[in-house]
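1. The sequence and its predicted three-dimensional model are supplied below.
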Amino acid sequence: MTAAQALDFAAVFVFALTGGLTASRAQLDVIGFLFLGCLTGVGGGTVRDLLLDRGPVFWIAEPVYLAVACAAALAVFVGAHLLESRLATLRWLDAVALAAAAPAGVAAAWAADASWPVVIVMGVATGCLGGLMRDVVANELPLVLTQGELYVTAALAGALVAVAAQGLGAPAGLALVGAGAATFAIRAGSLAFGWRLPVYRARPPRR
């Protein structure tokens, strides 16, 4: 198994857990759990592969990814009631998934010999779009759009770290580890310590 595949498996599994938690908060049936788990787990990677013209899409080439997503969703269906706070668990699992998915997007773009701007965009897209789809379908405010929180910023920083490390001659594996660590550190800082970016504040018009 390559590093890119390992990252994809990790991202699919943990993102699918968050899809299941979202389904539990919406009190959906088991099919709803499976749907949100699979959508969240493979959504970002699907968009990535389509944009990079990688055929077939990763979960079509290897349907085991769907099995992993379904297993994660079913685990949440059985055990979600044991959690003290499903929302807090969802947000932290989402941070872990983001830290796996962003470098997975980077690795896929490198494998496609993409230029560095495309590598960065693929890192952000792979990290963010699955969760965005999850929240939109569940009619919740997307985490990626939560006011001031560092979510897209975390994925962007991770992708930039990978590109910078590669430019400095670091091995690809080390660059991907650095990307994941940077992504998680920034997202975790936002969750634990309230790190924020400045947000736009409307000012009254001048008279």
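-> Here it is on my side, so go on.
2. With just CA atoms, put whichever helix or strand Leu34 is part of into PDB.
-> Take DSSP states H and E as the rule and Leu34 turns out to sit in helix 30-51. The C-alpha coordinates for helix 30-51 follow below in PDB (Å, rounded to 0.1, in the frame of the first residue of the first chain):
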ATOM      1  CA  VAL A  30     -29.500   3.200   9.100                       C
ATOM      2  CA  ILE A  31     -29.700   4.000   5.300                       C
ATOM      3  CA  GLY A  32     -29.200   7.700   6.100                       C
ATOM      4  CA  PHE A  33     -26.200   6.800   8.200                       C
ATOM      5  CA  LEU A  34     -24.700   4.800   5.300                       C
ATOM      6  CA  PHE A  35     -25.500   7.600   2.800                       C
ATOM      7  CA  LEU A  36     -23.900  10.400   4.900                       C
ATOM      8  CA  GLY A  37     -21.000   8.200   5.800                       C
ATOM      9  CA  CYS A  38     -20.200   7.400   2.200                       C
ATOM     10  CA  LEU A  39     -20.800  10.900   0.900                       C
ATOM     11  CA  THR A  40     -18.500  12.400   3.500                       C
ATOM     12  CA  GLY A  41     -15.900   9.700   3.200                       C
ATOM     13  CA  VAL A  42     -15.400   9.800  -0.500                       C
ATOM     14  CA  GLY A  43     -16.800  13.200  -1.500                       C
ATOM     15  CA  GLY A  44     -13.500  15.200  -1.400                       C
ATOM     16  CA  GLY A  45     -11.500  12.500  -3.100                       C
ATOM     17  CA  THR A  46     -14.100  12.100  -5.800                       C
ATOM     18  CA  VAL A  47     -14.000  15.800  -6.700                       C
ATOM     19  CA  ARG A  48     -10.200  15.600  -6.600                       C
ATOM     20  CA  ASP A  49     -10.000  12.700  -9.000                       C
ATOM     21  CA  LEU A  50     -12.500  14.200 -11.400                       C
ATOM     22  CA  LEU A  51     -10.600  17.500 -11.500                       C
END
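3. buried sites along it?
-> 32-49, 51 (16 or more other Cβ atoms under 10 Å). In this view, the C-beta of every residue, glycine as well, is placed from N, C-alpha and C.
4. shaky segments in this structure?
-> 207 (pLDDT under 70).
5. what are the ranges of the strands in it?
-> Shown for the chain, no strands are assigned by DSSP state E.
6. just checking, what's the longest helix in it?
-> helix 86-111 (DSSP state H).
7. And that helix, what does it pack against?
-> When contacts are defined as 3 or more Cβ pairs under 8 Å, 6 or more residues apart in numbering; DSSP states H and E, helix 86-111 packs onto helix 3-25, helix 30-51, helix 116-137, helix 152-167, helix 172-193.
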